[in-house]
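>>> Have a look at this prediction, sequence included:
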Amino acid sequence: QVQLVESGGGLVQAGGSLRLSCVASGLTFSSYTMDWFRQAPGKEREFVAAISWSGVTTRYVDSVKGRFTISRDNAKNTVFLQMNSLKPEDTAVYYCAAARDRWTTTPRDMDHWGKGTLVTVSS
């Protein structure tokens, strides 16, 4: 049974930082592209960042470029999202997701999802 478990969310003031983690189990982690998505209240789920199986290739939504960094540790089956200079508009539930053997940033193409972790940025 595949499980993705996110952690690291919380309440932070604008300008602060958080580091999200997502631990995967039940899959061959190094075969998967790993993505982070987020969903704010009343809005659709949106792509935030993606990292290839090797960690060499990354991609970000424009609104987080220069502030967020995605990384992974295949030995620990974990993907991270370092979030700096947080803004109130970053407030959302953050989800990690896995796609086997393909590069994608589209929610419908992901094979597995975590349950999410809430990030709240106060002004």
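Received, thanks.
>>> In contact with the residue nearest to the spatial centre of the chain, which residues?
Taking C-alpha atoms, centre = their mean, the centroid of the chain lies closest to Trp36, which sits 2.4 Å from it. Counting by C-beta atoms under 8 Å, 6 or more residues apart in numbering, Trp36 makes contact with Leu20, Cys22, Val48, Ala49, Ala50, Ile70, Val79, Leu81, Tyr94, Tyr95, Cys96, Ala97. (Glycine included, C-beta is placed from N, CA and C.)
>>> Without its sequence neighbours, what residue ends up closest to it?
In this structure, Trp36 finds its nearest non-sequential neighbour in Val48, 4.3 Å apart by C-beta to C-beta, 6 or more residues apart in numbering.
>>> Helices of this protein, start to end?
Assigned helices in the chain: none (criterion: DSSP state H).
>>> Flag the shaky bits of it, pLDDT-wise.
Within the chain, no range satisfies pLDDT under 70.
>>> where's Leu18 relative to Gly55, distance?
Using C-beta to C-beta, to the nearest Å, Leu18 is found at 21 Å from Gly55.
>>> Compare these two and say which is more crowded by neighbours.
Per other C-beta atoms under 10 Å, whichever of Leu18 and Gly55 has more neighbours is Leu18, with 20 against 15.
>>> on that earlier part again, so the residue nearest to Trp36 makes contact with Phe37?
Yes: if you go by C-beta atoms under 8 Å, Val48 and Phe37 touch, sitting 5.9 Å apart.
>>> Are there residues contacting both of those two? Which ones?
Taking C-beta under 8 Å, 6+ apart as the contact rule, Val48 and Phe37 both touch Tyr94.
>>> what bridges to Gln13?
Ser122 (DSSP bridges).
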